[in-house]
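**Q** with the sequence up front, the predicted model follows.
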Amino acid sequence: MKTSILSRSLFTVSLLLSSYSVLADTFPVTVTDVAGRTITIDHEPKNIALSTGRVFPLLEMLYQDEAPDRLVAWRDDMRVSAPSMYRDYTKTYPQLKDVVKIGKVKSGEFDTERFINMKRRPDLFVLDISNVKLAADKGLIKKLDKLGIKVLAIDFREDPIVNTVQSVTSLATALGKKAQGEKFAAYYQKHVDVLSSTIALLPASQLNRKVFIERAAGYSDSCCNTFADGNMGAYVPFLNAVNIAHEPLKGANTGQMSKESIITYQPDVYIMQTTGWIDKEGNPTSGIPFGYAPLNNKAIQKSTEHIMNRPWLKALAAYKDQNIYSIYMPFYNSPYNIVALEYFAKWIYPEQFKTLNPENTFEEMNQIFANRSVSGRFGQDNFKVIKQ
């Protein structure tokens, strides 16, 4: 990442954000979350619980280095599903290792009694939108509300283009950080506008490139889980390209396509969603181990070669044209998902977005909103990696 470019970019964004007020918010406040629920927060929440640990960066965006002090409970998914992120954040905030672990609401592992009897009882439970209906049907939300624990839904995965900004701004307002939420909204929208305005100028002949997204590439030997409308699948139509999974999945957000079906559809661009997974004991298992530093270039190259050596891939136009890429999978459930969207734009329209630098965007967002430095590899051209 080029420091000079980043410095100029940071100066520009600082001017954009300087007009926002930093006055303290007052309570009570009323917000509408991404599930359409209206929640009134009587006082500033001090103790926050997260239904998924991988969205901890959202708290850091709002609180910077105070974020670990506000977090009282989270699900232990970051450690196993995003190990490079976990190593990076626990190095910065060692106290995260001692945060109380909670179970998954959707799977029935969530222990309500233990949750409400914690020494530091949460006063705000940030719940992934996919769990909201079940939590409401079980009476969990009503029970928590009676005890003074408010539940606020967020979403970066089911409808990310629509829900990311509202997820951040509604939580920011609920926490008394409205100005910080508005800063994020302005930044995010600015980057989205650059993508959409550039694509709007393209002739019809350059649009509708066929794209396939392989979910959790390398996690197992089977192929191929994918997305139609949800998750990173939502990025493709936004970029005026065609997700080849849309038709065969018949309206489902996620599903599986056979190797033969992918060959039949012949995607122009093939994107692998991956990371370096570990087992419950912390041992590396599968996937491409990129993400947060430190980089292990040899391990990344070896894992990339293994995934690229699947024989059926060579029957694809995307393989012959060397348009196969990998994206850091945890971006799918993150307020930093604009970085993944920029990678997609660059890969689908390489000429039009040749100056676009998603890594700069990621580093810049971390510095502006989280007051932290970040480095690593979060997206790659697979052919370039195996030729190194």
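**A** Noted; the coordinates are in hand.
**Q** for the residue in the chain sticking out farthest from the centre, give me the pLDDT.
**A** In terms of distance from the mean C-alpha position of the chain, Lys146 ranks first, at 31.8 Å (CA atoms, centre = their mean). Listed pLDDT for Lys146 reads 96.
**Q** which residues sit against the longest helix seen in the chain?
**A** For the chain, the helix with the greatest residue count under DSSP state H is helix 178-200. By CB atoms under 8 Å, 6 or more residues apart in numbering, the residues outside helix 178-200 that reach it are 13, 16-17, 20-23, 25, 61-62, 161, 164-165, 168-173, 207, 238-240, 335, 338, 341-342, 345, 349, 352-353, 361, 365, 368-369. The C-beta positions use only the backbone N, C-alpha and C, and glycine is treated the same way.
**Q** phi, psi for the residue farthest from the centre of the chain please.
**A** Dihedral angles of Lys146 (phi, psi; degrees, to the nearest 10) stand at phi -60, psi -30.
**Q** from Val72, how far off is it?
**A** Taken as CB to CB, to the nearest Å, the spacing of Lys146 relative to Val72 amounts to 19 Å.
**Q** pop the domain breakdown of the protein in here.
**A** Segmentation of the chain into domains, based on automatic domain parsing, reads 23-186, 189-386.
**Q** quick one, helices of the stretch 151-300 of the chain?
**A** Per DSSP state H, counting those that start in this stretch, the stretch 151-300 of the chain carries helices over the ranges 160-174, 178-200, 235-238, 246-249, 259-265, 297-308.
**Q** what helices and strands are in contact with the first one?
**A** Right, helix 160-174. With contacts taken as 3 or more CB pairs under 8 Å, 6 or more residues apart in numbering; DSSP states H and E, helix 160-174 sits against strand 29-32, helix 56-63, strand 150-154, helix 178-200, helix 235-238, helix 337-348.
**Q** and for the fifth one?
**A** For helix 259-265, the helices and strands in contact under the criterion 3+ CB pairs under 8 Å, 6+ apart are strand 210-214.
**Q** now do the strand it packs on, average pLDDT.
**A** Averaged across strand 210-214, pLDDT comes to 97.
**Q** ok, now which ones touch the residue nearest to Asp229 when sequence neighbours are not counted?
**A** Once flanking residues are discounted, Asp229 sits nearest to Asn253: 5.4 Å by CB to CB, 6 or more residues apart in numbering. Residues in contact with Asn253 (CB under 8 Å, 6+ apart) are 158, 227-231, 233.
**Q** distance-wise, check Ile213 relative to Ser167.
**A** Counting by CB to CB, the gap from Ile213 to Ser167 is 22 Å.
**Q** then Ile41?
**A** Per CB to CB, Ile41 is found 16 Å from Ser167.
**Q** those two - which one has more neighbours?
**A** It is Ser167, of Ile41 and Ser167, that has more neighbours when counted by other CB atoms under 10 Å, with 26 against 20.
**Q** just for the chain, where's the confidence low?
**A** For the chain, applying pLDDT under 70 flags the ranges 1-24, 278-285.
**Q** rerun at 80
**A** Applying pLDDT under 80 to the chain flags the ranges 1-24, 220-222, 251, 277-286, 293-295, 388.
**Q** can you list the helices of the stretch 151-300 of the chain in TSV and add distance to Thr275?
**A** Shown next, in TSV, are those (distance: least, CB to CB, whole Å):
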stretch	distance to Thr275
helix 160-174	18
helix 178-200	23
helix 235-238	18
helix 246-249	23
helix 259-265	22
helix 297-308	10
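**Q** give the contact list for Ala67.
**A** Ala67 touches 56, 59-60, 93, counting by CB under 8 Å, 6+ apart.
**Q** could you redo the last one with a cut-off of 6 Å?
**A** The contact partners of Ala67, by CB atoms under 6 Å, 6 or more residues apart in numbering, come to 59-60.
**Q** again, but for Val126
**A** Counting by CB under 6 Å, 6+ apart, Val126 has contacts 50, 152, 154.
**Q** the closest residue to it other than its chain neighbours: how many residues sit nearby?
**A** Sequence neighbours aside, Leu50 is the residue nearest to Val126 in space, at 5.2 Å (criterion: CB to CB, 6+ apart). Leu50: 26 surrounding residues under other CB under 10 Å.
**Q** quick check: Leu50 touching Ala73?
**A** No. At 7.3 Å, Leu50 does not count as touching Ala73 under the criterion of CB atoms under 6 Å.
**Q** that older thread, would you list the contacts of Val126 in JSON lines and tack on distance to Lys314?
**A** Formatted as JSON lines, the contacts of Val126 follow (distance: CB to CB, whole Å):
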{"residue": "Leu50", "distance to Lys314": "42"}
{"residue": "Leu152", "distance to Lys314": "47"}
{"residue": "Ile154", "distance to Lys314": "41"}
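**Q** so in terms of bridging, what pairs with Leu152?
**A** Note on Leu152: beta-bridge partners Val126, judged by DSSP bridges.
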